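Novice: Sequence plus predicted model, see below.
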Amino acid sequence: MITAAESNTDAVSAEQRLRYLLRLADTSLVLGQRLSEWVGHAPTLEEDLALGNITLDLIGQARLLLAYAAQVEGRGRDEDQLAFLRDAAEFCNVSLAEQPNGDFGQTIVRQVLLDAWQVELYQSLVGSTDAQLASIAAKAMKECRYHWRFSCGWLVRLGDGTEESHARVQAALDGLWRFTGELLTPDALDAHMASHGIAPPLAAIRSRWEARIDAALEQATLRRPPPAYFPWHGKRGVHTEHLGHLLAEMQHLQRVHPGATW
Amino acid sequence: MYTQALDSPGPELASAVPAAEAERERRFQERIDRDEKIEPKDWMPEAYRQTLIRQIAQHAHSEIVGMLPEGNWITRAPSLRRKAVLVAKVQDEGGHGMYLYSAAETLGVSRGELIGQLLAGRAKYSSIFNYPTLTWADIGAIGWLVDGAAIMNQIPLCRCSYGPYARAMVRICKEESFHQRQGYEIMLTLARSGTRAQREMAQDALNRWWWPSLMMFGPSDTDSVHTAQSMRWRIKRFTNDELRQKFIDATVPQARFLGLSIPDADLRWDEATQHYATGPIDWSEFQAVLKGEGPCNRERMGARRAAHESGQWVREAAAAYADKQRARPASGRSGYAQAS
């Protein structure tokens, strides 16, 4: 169980619960949307299938979380209205999830950093005081463990493969590392959720995430980049330039045909 | 999905054979006639092997290239459910490609060689995938018509004389039948309960996919070069025209149910034959698309080559890592896949 800190007795409002659920839901949705761009274009047929599987898991997680978020919101919206009719500033995914695929190495690095985070987060969320969230986490946790095996396996092969693959994957790591601070630095909402036992304290996630990543980097013969200064705030709706384009593509049909059923 | 281009020129089938060889061929044909399955280690005429390699490879290539036109709509699928179903479907096509390449490998050719032939432009794939997917309704039309035509072609292949191919087809057919239903369900949603714009989208998709779908069955029987021998070998069980007719008869009422019209002014029910009769198929279009002059031949091959070339360093890295692991003492090897 996640234990509630005694210091905080303020109730969790529906709005706060909704915002927190959207952080999880949108991270899975946006990452799934990114990975789906690979289907049919991967380096081998096996990787086409694996990336397709991970995409399906992530979209599945997003659907469960968005459906629950819509219920918490209580305004009669459904998963699709939340996915297709919100603009970028209303999306609460962490900024790392929306970063472009780049080459296969960059996709793998992004995946490794997020998989390690999702594995740790969902493992803890299984003990959430929010029973609905706990049951979604129990399913997501198993999926994310598989994703981690896949991405970590590739990180090691690429890092410890050829000179070229090592250089590419190190460059990807250097480029994406600056987005990891957001995963692990709590803001007021994270802290509030943790104080009610709805979510784990991010400090605990940070140490486990770092242990996982350090072990993987060592095996992959990669160097951990230094901490970066700039704080990203995707989870509060302040995104990088990439999300607007991703949503323009994803939401196109729903926007052009308002109210239509598909 | 499926390739229709089975009748394209391949190696010469009949050639002078010595007497002992002729006796083996006679016994082989007897096994076929008894409906026995031929297995990879069994003796088979070289021409039978080559015909199968060509057919299975064309089929596998079609699955892989076929991922592209539908993949074109994954990022724009209009609901999360539709997105998940489409990803799963495109993934199934990739899986079909994998089983089929494996089936071809039992005949002594590697997946790498076959893919090399495709990328070099020396192998064919189904002409249907050289048409563009312009709207969401095309995803419905492909499932309904293209997968529908594929099923007509493939059900008889489950009884094909070559065991590994026949067995691969059993699983593929089950999945294709699901694909066909999901395509028709998209069309139902658009055409029966959709807005006016959605109905127009559905009709437009039928207009563009109808004739290319009929061409999927390959040239008319009178122009088909390999049909007779393939039928003797029980690789093929029905002729192109028989299968095409079966497809037309099944599909015309489905279009009516959707409230859509088939884009053929000559289409009529023929009381005498108890079949639908259609207007003439424009075989010059079919030949042009096969020769590489279809609307998307360049794009499809360009995308396959780009994926192959940009994945080269990844495949090299995986091979280099595997070599290093083999060279390391067992104690130094690491299970990189860290569970939990």
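Specialist: Received the coordinates, thanks. Residues are numbered from 1 along each chain as shown, chains lettered A, B, ... in the order given.

Novice: Which residues of the stretch 1-150 of chain B lie near chain A?
Specialist: Contact residues (Cβ under 8 Å from any Cβ of the partner chain) of the stretch 1-150 of chain B with chain A: B:64, B:67-68, B:71, B:74-84, B:87-88, B:90-91, B:94-95, B:97-98, B:101, B:136. Where you see a C-beta, it was placed from the backbone N, CA and C, and this is true even at glycine.

Novice: Can you pull the residues of the stretch 151-300 of chain B lying near chain A?
Specialist: Residues of the stretch 151-300 of chain B lying close to chain A (Cβ under 8 Å from any Cβ) are B:Ile186, B:Thr189, B:Leu190, B:Ser193, B:Gly194, B:Thr195, B:Ala197, B:Gln198.

Novice: List buried residues within the residues you listed.
Specialist: Among these, those classed as buried by 16 or more other Cβ atoms under 10 Å in any protein chain shown are B:Ile186, B:Thr189, B:Leu190, B:Gly194, B:Gln198.

Novice: Let's have the residues you listed in a markdown table, adding pLDDT, distance to A:Glu143 and secondary structure.
Specialist: As requested, these are exported to a markdown table (pLDDT from 0 to 100; distance: Cβ to Cβ, whole Å; DSSP: H, G, I helix; E, B strand; the rest coil):
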| residue | pLDDT | distance to A:Glu143 | secondary structure |
| --- | --- | --- | --- |
| B:Ile186 | 98 | 27 | helix |
| B:Thr189 | 98 | 29 | helix |
| B:Leu190 | 98 | 32 | helix |
| B:Gly194 | 97 | 34 | coil |
| B:Gln198 | 98 | 34 | helix |
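
Novice: what ranges do the strands span in chain B?
Specialist: Secondary structure of chain B by DSSP state E: the strands cover B:268-270, B:275-277.

Novice: quick one on the thing from earlier: tell me the one among the residues of the stretch 151-300 of chain B next to chain A nearest to B:Leu157.
Specialist: Nearest to B:Leu157 out of these is B:Ile186 (Cβ to Cβ; 26.1 Å).

Novice: wait, which of the strands of chain B is closest to A:Pro200?
Specialist: Nearest to A:Pro200, of all the strands of chain B, is strand B:275-277, at 64.2 Å by Cβ to Cβ.

Novice: Tell me which residues are up against that closest one.
Specialist: B:Gln245, B:Ile248, B:Asp249, B:Val252, B:Asp266, B:Leu267, B:Arg268, B:Trp269, B:Asp270 (Cβ atoms under 8 Å, 6 or more residues apart in numbering or on different chains).

Novice: which of the residues you listed sit farthest apart?
Specialist: Using Cβ to Cβ, the two most remote members of the contacts of strand B:275-277 are B:Asp249 and B:Asp266, lying 15.6 Å apart.

Novice: Between those two, point out the one with more neighbours.
Specialist: B:Asp249 (13 against 8; other Cβ atoms under 10 Å in any protein chain shown).

Novice: Enumerate every residue touching that one.
Specialist: So B:Asp249 contacts B:His275, B:Tyr276 (Cβ under 8 Å, 6+ apart).

Novice: which stretches of the chain have low pLDDT?
Specialist: Using chain A. Along chain A, the model assigns pLDDT under 70 to residues A:1-9.

Novice: Wait, chain B was what I had in mind.
Specialist: B:1-17, B:331-340.

Novice: and among the strands of chain B, the most buried is which?
Specialist: Ranked by mean neighbour count, the strands of chain B are led by strand B:275-277 with a mean of 15 (mean count of other Cβ atoms under 10 Å in any protein chain shown).

Novice: Each with direction, which strands does that strand pair with?
Specialist: strand B:268-270 (antiparallel) (DSSP bridges).

Novice: coming back round to it: which single one of the residues of the stretch 151-300 of chain B next to chain A is nearest to chain A?
Specialist: Closest to chain A out of those is B:Thr195 (5.1 Å), distances taken as Cβ to the nearest Cβ.

Novice: Give the phi and psi angles for that closest one, as a check.
Specialist: Torsion angles at B:Thr195 (phi, psi; degrees, to the nearest 10) stand at phi -80, psi 170.

Novice: B:Ala202 versus B:Ala103, what's the distance?
Specialist: Distance from B:Ala103 to B:Ala202, counting by Cβ to Cβ, to the nearest Å: 36 Å.
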